[in-house]
Structures are given as C-alpha cells and as structure tokens.
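Chemist: My questions are about this predicted structure, shown below with the sequence.
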6 protein chains.
Amino acid sequence: MQLHLMSWPEVETYLAKRSDIIIPIGSTEQHGPTGLIGTDCICPEAIALRAAEKVGALVGPTFNVGSAQHHMGFAGSMTLRPSTFVAVLFDWITSLTHHGFTHIYLLNGHGGNVPSVEASFAEVYASRSLSGHKDEELRPLRCKLQNWWELKGVMRLCRELFPNGHGSHATPSEVAVTQFVYPDAIKAAKLDPKIAPIGPIMDAADYKRRFPDGRIGSDPSQASVDRGEKLVTCAVDALADAYREFVTS
Amino acid sequence: MQLHLMSWPEVETYLAKRSDIIIPIGSTEQHGPTGLIGTDCICPEAIALRAAEKVGALVGPTFNVGSAQHHMGFAGSMTLRPSTFVAVLFDWITSLTHHGFTHIYLLNGHGGNVPSVEASFAEVYASRSLSGHKDEELRPLRCKLQNWWELKGVMRLCRELFPNGHGSHATPSEVAVTQFVYPDAIKAAKLDPKIAPIGPIMDAADYKRRFPDGRIGSDPSQASVDRGEKLVTCAVDALADAYREFVTS
Amino acid sequence: MQLHLMSWPEVETYLAKRSDIIIPIGSTEQHGPTGLIGTDCICPEAIALRAAEKVGALVGPTFNVGSAQHHMGFAGSMTLRPSTFVAVLFDWITSLTHHGFTHIYLLNGHGGNVPSVEASFAEVYASRSLSGHKDEELRPLRCKLQNWWELKGVMRLCRELFPNGHGSHATPSEVAVTQFVYPDAIKAAKLDPKIAPIGPIMDAADYKRRFPDGRIGSDPSQASVDRGEKLVTCAVDALADAYREFVTS
Amino acid sequence: MQLHLMSWPEVETYLAKRSDIIIPIGSTEQHGPTGLIGTDCICPEAIALRAAEKVGALVGPTFNVGSAQHHMGFAGSMTLRPSTFVAVLFDWITSLTHHGFTHIYLLNGHGGNVPSVEASFAEVYASRSLSGHKDEELRPLRCKLQNWWELKGVMRLCRELFPNGHGSHATPSEVAVTQFVYPDAIKAAKLDPKIAPIGPIMDAADYKRRFPDGRIGSDPSQASVDRGEKLVTCAVDALADAYREFVTS
Amino acid sequence: MQLHLMSWPEVETYLAKRSDIIIPIGSTEQHGPTGLIGTDCICPEAIALRAAEKVGALVGPTFNVGSAQHHMGFAGSMTLRPSTFVAVLFDWITSLTHHGFTHIYLLNGHGGNVPSVEASFAEVYASRSLSGHKDEELRPLRCKLQNWWELKGVMRLCRELFPNGHGSHATPSEVAVTQFVYPDAIKAAKLDPKIAPIGPIMDAADYKRRFPDGRIGSDPSQASVDRGEKLVTCAVDALADAYREFVTS
Amino acid sequence: MQLHLMSWPEVETYLAKRSDIIIPIGSTEQHGPTGLIGTDCICPEAIALRAAEKVGALVGPTFNVGSAQHHMGFAGSMTLRPSTFVAVLFDWITSLTHHGFTHIYLLNGHGGNVPSVEASFAEVYASRSLSGHKDEELRPLRCKLQNWWELKGVMRLCRELFPNGHGSHATPSEVAVTQFVYPDAIKAAKLDPKIAPIGPIMDAADYKRRFPDGRIGSDPSQASVDRGEKLVTCAVDALADAYREFVTS
C-alpha cells in the first residue's frame, strides 16, 4: 500500500488498526559510469513496496535527495546540507506523529544518510525530551533506520554473488537491483580499473581525486538482472521479518 | 529522460549541449474522499515526463512533500514548514547550478506551494544579488514556476469537461489525471454534498470546519480515465511549447 | 488610530471590543530616476491611516524593509532574505496574537513581498496546525494580504489616468501617491526611453541589464499630486469597505 | 535627508562623496499608562532627522520592532526573538555595505535592544573575519550603536529637569520628547504610585508582577512639551558633534 | 561541587534543597604574546570553583568557546557566530530549567561575550513570554551574567596593583590570575610597546591593524603569581557574597 | 600541549611545522548511580592529553555538552539539539581551518554524539563542495571522529577486565577511567539489578522506563583505579599510533 495511492479515509481506517509506516530514503547521486543516479532511491523503494505487501504496511513517499556533498564533483548529483536534512526529516516525522503514527521505519539506500537520519531522530526525540510534558502525555514514538544491505542475509548473499569487487559505492549489488527494477535502463561502459580504488570520504574535490569515475572499491560490471532479483527477494523476506518485529516492539 | 535513470556521464553529455531541467513539485496531502494523497505529485510527474520526451529535456526528482499545513486535519497529509521548504529548495537549486544548470523549471501540482517556491527562488537570487560578485562572474540563472493547470488551454478544457463543480481542491480534473495514470487506484465514495463548499484557507482546524471532507468547491465524481487522458494530452502539448520558449529565454 | 501613538491601556480598551489590526507593509527600494525609495511604504501607510479613521481600526507599525533582492543593483535599496522575512513576520504576528488579535490585515505596497508574506502566514498557521492542540484550544486567526493597487476600483482608475505607460514598477500611480503625500519631495529627471522596457524578474544583475534605470514598463512622468489624491481617495474608500467585510469574516 | 524620500540617483550622488548613514532603532512596546507605544522609535527618529540636517547625513528607515519580550504582558507590545533580530539587522547592514556604506550609526531608543544590536554587529563582523578574504579585499566597516539618552549632556539635563522619578522605563524624559513631537497624542492617567518601583528585568510574567503599570522607577507626569523640546535640542547638538567625529574615524 | 564530578542522584539531592547553579563562561582567544589562549576560561573557573565551596553551590561545565570574531587574526583563537552562541546557550539553559534549576548564574571571563549572553537570556525569556502559558504555569527563572572583573572590589584592586597599563585585553590582572592557577605555563616575551595601544573593536582585520600583538592598552609584564592570588582571593570573596544575594533574590 | 595553556605566538610556531589538532568531545549526562556526569568528557580528555605528549600534538578545548536528549530524565544531564550541535561544531572547525589546521581529530567519549559529529563534518565539507571554488583554491581538510573505546586493543581489554556486565552505558570501563583520573570522586551505591537491562534508545521518557537507574547493560561496580589506569595506558598507546597515521594521511 502506497500512501500516495490512498485516500485519506483509507489512511484513517489503517490508523484505526495500526500506526506504523515505512519511508524509503535514498539519494540523488552518481553511481559510477554505469550506475543510475537514482540507485539509492530505487533500491529501498523496490524492497519496501514488495515487503509492505507481505506485511500489510503502508509505504510513504520517498525521501529522494539526501546527504551527498561528496558526490558533487559528478554531474547530476544533488545534496541537502545536513542542517537542511534534519529540518526536513523533522517535519516529515512531525507530520506523521501528528496523525498518530508511532512506529516510523526508514529503509535507507545510502550510507551517507545515516548520520543525518540519526541526528534527525535525535532532533525529534529532543523536542519531546525537553518539552516539559509528563511521560503519560506523550504518545510513544519509535523511529528506526535500516540500511537495506544490512538486512539479515543480504550482505552474505552479496559476498556470495560478488566475492571480489563488491566495494562500497556503485556496488554490483545495488546496480543489480536497479537492473532488475529498470531493465531498460541498463548502461554499459568500460570500467578502468576493473575494480575501483578504496579510501576515506571527505569533500567533493578530494573524492574526485581519489575515485575518478565515482566508484569505490567496486566492479559493477558483475551486476545482472537475475542477481538483482535474487537480492530483492532476499531483502524483501528479511525486511518482512524485521518489520513484523519492529511493529510489535 | 529521467535524471534518476541516467548515469553521470550521460548527464555530463547532456550538460555539454544544454543546461535546462524540469523538476516536478507536488505535495502529499488529502484530496477528498476519492482523491489520492499523491495527486499533486502524480499530475506534474505524468505531464513532465511526457513533455520531456517531446523536447528532449531532463526531468529531475519530484519534490514530493510540500506546503500543506492546512490539510493536517486529514490522515496521511504531510507538510514542510515554509522555512524548511525554502531551505530545501535552496539546496536543490544550488546543487543544480553547481553543475551548470541555468534554466530550472518547476512544474507544480499544488497551489499551496506557490509562495514557498517563489520565496525559495528569491532566496537563491538574493544569495547572488548580495554576493558582491561582479555580474560577469555569475552564470545567468533563470528559475520558473509553472502550475500545470495554468498551462495554455488547460483551464479552458477543465471548464469544458466540468462546467459545474470544478472547484479548487480535489478537482475532477486532477482526479481524472490520476485515474488515467493509476487506473487501478480509482476510489469510490459517496460525496455529500455533491459539490463541496468554498471559502478561504487558514489553518488546519479552520480548514476542517469549513471543508469537512477535504474538498473545496469540487465534485470529483465527474472524473474519468478518458477525461484524464484528454487533460494530460492537452497539458503535455502546452508544456512542450512553453518549455521550448523557456529554454531559449 | 496608530498603535505607536497609543498607550497600552488604550490598546487594552480597543481589544475589549475588537481584535483586528492593519499592518502596512512595504519595501525600501529604488523606484526609478524620479520615484522615492520609500514609495512602497508611503503608499500603504497613507491609505491605511486614512481608511483606519473611517472604520475605527488600529494601524500597527510599518514593515518597512521587504523582499527586494532584485533591486540591489541600485543605490539605497535594502532587502531581507526570504528566510529572514518569514522569521520576522512570524514574530510580529505571534506578538499580536499573544494579545488576542485575531484578524491581521496586511496592506501591501510591494509585489515582491507577496510570496514571503504568504509563506509567513503559512509558517504561523503551520505552528498551529502541527501544535497538537485541540481545535477548541486555539483562538481563531485570520491573516490577510491585500495589495493596495488591487483594492476594488484602483486598477480601473490607474488605467483611466494612465492608459499608456502604467507599467509594473515605478508606476505613475505609485509615484503620484507619494507626490500627494510628500509634495516637497517631487523629483524631476529625464526618462529615456519615456516608457521603460518590460520583462521577467530574476536576480539583481539580470534586473539591471534589463531595466537600466530601474523602471519596468512605466512612464512615471505622468504622475501628479492631483492624480495621487484621486488614487488615495479611491483606495481609501475601497479599503474601508474591504476591511469592514474582513473584520466580520 | 531621509533615504525614503530620495531617489536612487540621489543616493548614488551621496555615495560618491561619503559613505555614512544613520539608522534610528526603536521598539514597539508599552511605556506605562501615559507613554506612547512608539516612544522608543519616536525619540531617535526625531533626534536623528534634526541632527542629520545639521551634518548633511542620510537617515535610513527606522528599525521599529525590537527586543521587548519583557513587555509582552502589556497590550500592544511587539517583539522579535533575539535570533530573529540578529538575522534582520544582519540583512539590513549587508544591504547597506553592498552599496558601499562603510559607517553605519544606529541611534537607539530602547535599552533592551543593546545586546541584540551588538550581537548583530558581531555577526556581521564574524562573516568578514571568517571569510578567508585577505584584509585588503574587504572594504572597512564601522558599525556603532548610540543610545540617545547617553549622548553627551543628555543625562545631565534629564537629572536637572527630573531630579526625582526619572527612572529607567517610561521616563519623563522620553515621554517629554514624544510630547514635543506629537503634542496631540499626550495622554493623562493617574499614576499610582507616583514613582514606580524598580527592579531587575526577566520574563514578561515576572515583569508584570514587579511593575504592574509598566513603568520602572519613573514619574512621567513631569513630562512637558517644553522639556521635550529642551531634550531634543540638547540631543541633536550632541549627536551632530558625535556623528561628525564618527564619520571621520 | 562540580557537576562533572557528581552522580545524578547527588544532583537530585541538591535539587531537593536548592535550585541554583554557576556556569563559568569564557573564550578561546589570543591574549597577547604572553597571555594564555584559555585565559578567559581559566579565570572564571578558578574563581567560581573556590567561591562555590564557600557557598555550597554547584558549578556546571565551562562554556569554553565564545564570541571572539575580532581575535581571528591570531593563531589559535576560536569563535562562535553570535547566532550559534544564542542557540547553544539557549539549549544549556533549557536543559537546566528542565531539571528545575531556577537561578542560573554565569560568571564571565570575556567582555565580548556580554551581548551574546544577554541576547541568549532574552531568547530564553522570550520563549516563555510568548508561550501563551499562564504565569502560574511557569516556574520562575532568573538568569544573571556577572563579569568577574566587575565583582565588588576587584577593579579597585586591579587599579591598585596596576595603576598604569591595566588596559582592557590581555590585562596584567587576568594574566596574573592564570599565572596563579597555572604557574608552569608562565610565558615570557618582549612587549613592544610596553603599553599596548587602545581603540575600538570591529572585525579581525581591523583589530590586527590596530593591535598588532593582540593586547589592548595593557602591560601584562606586571603580572605575577602573588598578584594573581590576591585577585583570586578578592574575587572569590566578592562572588560568595554576590551569589548568596542572588540565590535569595 | 593544551591550546588553552599556549600563547598565540606558540600556536603560530606550531602551525609553521604542522597543522593537526586533537579535540576531546564528550557529554554532560548521567552515568548511573555511581558514574560521574562528566564521564564522557573526562575519558577522552585524559587519553588525549597523555597521547598528545607522546606525539607532540596540540589538544584543543573540550566540546563538553553533546547530544544527550535521552538522558534528560536524570538530574544534571544537559544536551544540545542536533541542529545546534551541527552549528557549533561547524563554527569550531571553521575557526580552526581559518588558521590553517588541516587535520582535525575528534576523540569522542559519547556514542550519542556520533551522528551529530558526522553530520557536522558533512556540513563543513558541503560548504566546500558547493562553494564553487576550484579544487586548487581549497586547502585540503581531513576531519576524523574516533571513539576512545574503539581504539585498537581497548575493547579487547574491556572484555578481559569485565567479561560480564560491561554493557554500553555507565560501563565499568569508563567508570574505571574516571576513578583513575579523579580518585577522590569515587561513588558508592547499591546497584539493583547488579547488571542493568539492555534495549534500544529513544526519547527521555522511554529511556527512563527501560533503564530506571540510567545504566544500560552494565555493572560498573567492577571498576577500579587500577583497571582505569590499564585502560588509559592501552588507549593512550593506541591513540598515539592511530594519530601518527592520521597526521600523515
């Protein structure tokens, strides 16, 4: 169930029974010569929508421009400053809690979002912790961030499918998922070197010097539609399990 | 061409030839008993993608949670505070101009966004106007906001199709567009009164008192897939023309 | 009645009977070779004070530096960034509602303020809509923005008085109003071309290229004290009517 | 010379010769049972305009709502939060320095503004000090805050005119100045006690408990138009001297 | 008693009896060729801790980076922008009032902090004054700023010990206090001129031109451990007295 | 070498040779019935100062109030909102880079700070990545966050010393370090249960329900001065090694 495809009475009916929601969160950033700029949105959206069907959960809009300053040396990348990010996610969560949502689950597609998301959660919690309201006046709130590649079993499958050159950005696993979802948008390009270098992440200029074509440690040429499907299946099952547990926590 | 389905070298190639982009901008808000919460995103996305094919333009990610505080009395609505909105759109535009985009065209699906979008443009322009940089140091920048229903010919068609009960929120025209795009998500509900009341917009409590089921002045039961298709066709043609003119301005 | 010329017990007495206030809002910006930098403050102040006498309303301080980044290429212009603007107007309105004002009417002298004012209203309303307070805990609040030149009958009179070269910035009508109010500050300068060019508004550098002497589409040499008086009379009557209706809404 | 009554070419001419400006800064706040809510604007405006004539200086718009949270228990008072205040004054000063003003002199009417004004100056200076620009790339900037009652000779005259009950808020001296400027707005009310209590300033609730009619330590019934004129004359002379020195510093 | 060396049950016990706390507040900034960069923290910390023992008060963490933009021309200086300063001190005070502290006493070591501290107090008070809460719903709050050198008797002692060349930055008195506290960190350097120049404070570039080695009007070579001890003794006694009065106010 | 005990010429001399600095970063928050509120500052300070002696590095002021909203149910805890945190650390780092520091190493004592610190780094980097400056115009900048308990060998030692009941808040290892540093501030209290419960961290009310005495999973009664010394020795050696590598990266 997608929030965007529901009417408000349908959401009201949903809220009469349960108060959880999944928010896919990604980024708009380069993913190497063959990866899609929307990769980090496409992966958590695809997984969230499929898992949501299994568990009857609602999927909200995708938070689609994230924290990606280090990719700004590559055309098409977009970023929020972390201070902006915190303000936005604060407003999203405040909107949802206003309606009575108590369990908010962010399925994340971009490692660079993690600090800003966790800081946003703390910003929301702080507004409660410093509110002066008595405990019993506040409805419980549980926010959770889950990177899709850290769902149970997913990294193991990644290592099986791509024992070499998985890397950490523009990985064959994320590229494979996007190939499965958008088979018409598969790109070809010569990758040189085959496996990209690794290193730390700082600002955009430093990033481009270290990682000239945008990849970190990866050889995404190993991606395929089939492998993407395997990854989605694995992640969907794991998310369904994890989410059921989350909802009852 | 969707930015999210491109690689960075493809964007670089695009930017070597032109520097314009379309950003659909919508809202996540109630649209009456039968309208979709995502209506204001779905309409400009559908129109922008189709027009972009005609004119070879790039379509960026959808700005999907907007300025909708007045809808917060209805389950599922989400909003940014205008101060947050300005910070976000400032970051989006700054990201795009960083890569050399000079013509940024927002196709808007939600009237309530207009002030925040125009304020964001002024925030971006102000950062240039107060920068102390000489004119010749600044690459030109042209930002434009276009409501899809104000594209040439669209309101005339709306009045033809729905001479009574078009209204201004949860209109039969926007509902029709979403029916055309998502025929599987068509909702049925009794509308009482058939044509909703009209009035001014203030805060959420006032809104809900004036407009108990969320509609303003509309009878969306007149919507149909066919009428949606007509509207999309009309809007796409008009957008293609308007955009060609914009790009050369 | 001007708030600045009253004592607090007088305001308390006023508030015991009614809860409305007019705030003139303008800008500090160039108005061509002959227009006053304070034009956009002087016009709504003059009209508001005269209409307020008719309807017994209170007139608050003038919001005198507005959203005018595009005029920064001309000496003496001042601007707020829209983000600042929203913070300030939020504080002004919050101060007024704190005392029990429920009907706040901004009489505006500058088109460029419109988005920032409307965004500020939404910021105020959003703080209520997201407050979690029950409807009945919130005193009603109605904020309204009215451009003085859009008061009933005013534009018609402008067209009658200045059928050619009215334009949209440094117009003969606004210049005439300032001549009526400050006859000692009438300026003379050669206008070349007689009627200024028209075009879109972007940043300050672009503005100065398009409109080298600051005017847009206007020939303010047609202004006169008499014409200013006619305009003020017309606007004052229209404002008195509009305001009476507003107060009872 | 008032900025608001000049055209941009006149300001340009002024800036070709000198680069100083006076900004009156006040507050919109209660001044006891007989004082005007605009007192803190009226005093510095009256003094600044008269002194400016003597020294040929430009007077900018009045910063008319200041830092007055402690007066919010009295009807009609308005306040900015200090964080807002700093943002606004930053924008005002940035606008002025953009045109080449280098000497910005704030003539202040409200003691409560002092910290926010000084913090704003530091905010402006900090943007330069941390800019990374070389010294020679920055045009010098000198901002000065002057309380009008601390101009040379003014406090001595206050003590002569009002040896008892001068106090520190709603003082007979500031009330006298407003009586001189607006003789038609003189108020009468019984003051009980004749001389108001004194004490520290904290929040609005505390203020109202300590100072039930709003005055601090003052007996403003001693004010008169004549005394107001004496004070204005004294302050104008002192300001003219102080300003000449400032401009050449 | 230092908050940092207590457990939470100990603080709870303290709060059951009293609700006051001392916060030392300083700066991290150059103090001339021989002064320590931490001078403005070291002085109020040393005095606060000793006085707190006498009066049984709690001493919180030191606010250690302050408002010091004008010192940024000298290596090692650090500063907050005033807007940041206000946000931080707001959070500190909000944290303390959350636990029931009602009397918050800042012992200050840096003149440049004064506006930002006072603005922060007003920001805290404003959040109460505009809260709409009834008086009786708000626990009283009293915030006080005290510069250590303005404690009773201290300036007199400074003038006795250093009749010439006390100055206002990198003074022999503050250097003496740091020598008393950190005798192992005494520096020697030739001071030329012996007594530094005086003048106004603006931005960092201007500061460095006026005060090439960082001192203002001072000859800190007169400092000694003994004199530092005398100053600390004097200030501690005065603070103990002042604080006892504060707590009962 | 502590920045606070140096003069500016000494810092200038340091910067002529190297450009790295260590900033201890902690929190002011409850650490269970026997832990010190300053624990998270004391640990990284003690380790940083000792390691800095070995490697000749400069140690800056301690960032002493961090992100601790979840502890606000326990007396004496203080917190910044994450949005404030990011603004402060941005200013600290901007101050340091202004002087030419290029390698900034935060030794952290509080897990809850991690997201806000990483978000702050991204905020700093983003200001560079979006600056429009060419790569070669920007001096390199490397910021690193290191939790002291994750220094090489430390967790292994923790597990050896405290195989049961180490837990994650108010751990015997951090308590031991504070006992070593402040042996006079060792607290005794009955711990019931001996080993505290574990669970997730959300807002302050939830935290206090889950962890009634503040500890998470720990039995800090196992702490001792000797064990604290062992931990400090281990951490200091590891930090010296890690820092040498950092400086040359």
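Modeler: Now that the structure is in, tell me what you want to look at.

Chemist: alpha carbons only for contacts and neighbour counts from here, please
Modeler: Fine.

Chemist: Could I get the contacting residues of the residue nearest to the spatial centre of chain A?
Modeler: Centroid-nearest residue in chain A, with CA atoms, centre = their mean: residue A:108, separated by 2.0 Å. By CA atoms under 8 Å, 6 or more residues apart in numbering or on different chains, the contact list for residue A:108 reads A:24-26, A:40, A:44, A:145-148.

Chemist: do you know how far it is from residue B:211?
Modeler: Distance of residue A:108 to residue B:211, computed by CA to CA, to the nearest Å: 37 Å.

Chemist: again, but for residue A:154
Modeler: Residue A:154 sits 48 Å away from residue B:211, going by CA to CA.

Chemist: got it, and residue A:43?
Modeler: As judged by CA to CA, residue A:43 and residue B:211 stand 39 Å apart.

Chemist: The two: which has the busier surroundings?
Modeler: Taking other CA atoms under 10 Å in any protein chain shown, residue A:43 and residue B:211 do not tie; residue A:43 has more neighbours (31 against 18).

Chemist: so that one, which of the three states?
Modeler: Assigned state for residue A:43: helix (three-state reduction, DSSP: H, G, I helix; E, B strand; the rest coil).

Chemist: near chain B at all, stretch A:65-82?
Modeler: Yes: Stretch A:65-82 is in contact with chain B by CA under 8 Å from any CA of the partner chain, via A:65, A:72, A:74-81.

Chemist: are any of these buried, and which?
Modeler: Listed as buried from these are A:65, A:72, A:74-81; burial here means 16 or more other CA atoms under 10 Å in any protein chain shown.

Chemist: Let me know the closest of those to residue F:126.
Modeler: Nearest to residue F:126 among those is residue A:81, at 6.3 Å by CA to CA.

Chemist: Okay, and the residue nearest to that closest one when sequence neighbours are not counted sits in which element?
Modeler: The shortest distance from residue A:81 to any non-neighbouring residue, by CA to CA, 6 or more residues apart in numbering or on different chains, is to residue F:123 (5.8 Å). Assigned by DSSP states H and E, residue F:123 belongs to helix F:114-129.

Chemist: ok and that helix relative to helix A:114-129, angle-wise?
Modeler: Here the directions of helix F:114-129 and helix A:114-129 differ by 120 degrees (axes from the mean of the first three to the mean of the last three CA atoms, to 10 degrees).

Chemist: Export the following helix or strand past helix F:114-129 to PDB, keeping only CA atoms.
Modeler: Per DSSP H and E, the first helix or strand lying C-terminal to helix F:114-129 is strand F:142-147. Presented in PDB, the C-alpha positions along strand F:142-147 are these (Å, rounded to 0.1, in the frame of the first residue of the first chain):
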ATOM      1  CA  ARG F 142      40.600  15.900   6.900                       C
ATOM      2  CA  CYS F 143      38.200  15.500   9.900                       C
ATOM      3  CA  LYS F 144      38.100  12.300  11.800                       C
ATOM      4  CA  LEU F 145      36.000  11.000  14.600                       C
ATOM      5  CA  GLN F 146      37.400   8.300  16.900                       C
ATOM      6  CA  ASN F 147      35.500   6.800  19.800                       C
END
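
Chemist: Adjacent strands (with direction) for strand F:142-147?
Modeler: strand F:103-108 (parallel) (DSSP bridges).

Chemist: Work out the gap between the partner strand and the centre of the chain.
Modeler: Remark: strand F:103-108 is offset 9 Å from the chain centroid, using CA atoms, centre = their mean, to the nearest Å.

Chemist: Measure how far the longest helix seen in chain A is from the centre of its chain, please.
Modeler: Scanning chain A for the helix with the most residues, using DSSP state H, yields helix A:225-247. Here helix A:225-247 is found 13 Å from its chain centre; the criterion is CA atoms, centre = their mean.

Chemist: contact partners of it?
Modeler: Applying CA under 8 Å, 6+ apart, the external contacts of helix A:225-247 come out as A:20, A:46-48, A:50-52, A:54-55, A:103, A:148-149, A:151-154, A:157-158, A:161, A:173-180, A:183.

Chemist: Would you indicate which residues of that helix are buried?
Modeler: The neighbour-count check on helix A:225-247 (16+ other CA under 10 Å) flags A:225, A:227-241, A:243, A:246-247 as buried.

Chemist: Tell me how many other residues surround residue A:209.
Modeler: Residue A:209: 12 surrounding residues under other CA under 10 Å.

Chemist: So it lies in a helix, does it not?
Modeler: Yes: Residue A:209: assigned to a helix according to three-state DSSP.

Chemist: which residue does chain A bring closest to chain C?
Modeler: residue A:98 (6.7 Å; CA to the nearest CA).

Chemist: Could you measure from that residue over to chain B?
Modeler: Per CA to the nearest CA, to the nearest Å, residue A:98 is found 8 Å from chain B.

Chemist: what about that residue, how many neighbours?
Modeler: By other CA under 10 Å, 20 other residues sit near residue A:98.

Chemist: how about it, what does it touch?
Modeler: Taking CA under 8 Å, 6+ apart, we find residue A:98 in contact with B:72, C:130, C:132.

Chemist: Please determine how far the residue nearest to the centre of chain A is located from residue B:28.
Modeler: In terms of CA to CA, residue A:108 sits 20 Å off from residue B:28.

Chemist: Likewise for residue A:205?
Modeler: From residue A:205 across to residue B:28, the span is 36 Å (CA to CA).

Chemist: same check, this time on residue A:145
Modeler: Residue A:145 sits 22 Å away from residue B:28 when distances are taken as CA to CA.

Chemist: Which one's more surrounded, those two?
Modeler: residue B:28 (27 against 18).

Chemist: The more buried one contacts residue B:66, correct?
Modeler: Yes: if you go by CA atoms under 8 Å, residue B:28 and residue B:66 touch, sitting 6.9 Å apart.

Chemist: Between these two, which contacts overlap?
Modeler: Taking CA under 8 Å, 6+ apart as the contact rule, the neighbours common to residue B:28 and residue B:66 are B:78-79.

Chemist: picking that back up, narrow the contacts of helix A:225-247 to those in helices?
Modeler: Short answer: the contacts of helix A:225-247 in helices (DSSP H) are A:46-48, A:50-52, A:54-55, A:154, A:157-158, A:161, A:173-180.

Chemist: Put the buried members of those into a PyMOL selection.
Modeler: A single PyMOL command suffices to select whichever of the ones in helices among the contacts of helix A:225-247 are buried according to 16+ other CA under 10 Å:
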select buried, chain A and resi 46+47+48+50+51+52+154+157+158+161+173+174+175+176+177+178+179+180
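
Chemist: how much space between whatever residue of chain A ends up closest to chain F and residue A:39?
Modeler: Across chain A, the shortest distance to chain F (CA to the nearest CA) belongs to residue A:115, at 4.1 Å. Distance, residue A:115 to residue A:39, using CA to CA: 19 Å.

Chemist: Up against chain C, what does chain A have?
Modeler: Counting by CA under 8 Å from any CA, the residues of chain A that sit close to chain C are A:94-95, A:98.

Chemist: So residue A:76 lies in a helix, does it not?
Modeler: No: counting by three-state DSSP, residue A:76 is located in no helix; its state is coil.

Chemist: can I assume residue A:189 sits in a strand?
Modeler: No: assessed with three-state DSSP, residue A:189 is coil; it does not lie in a strand.
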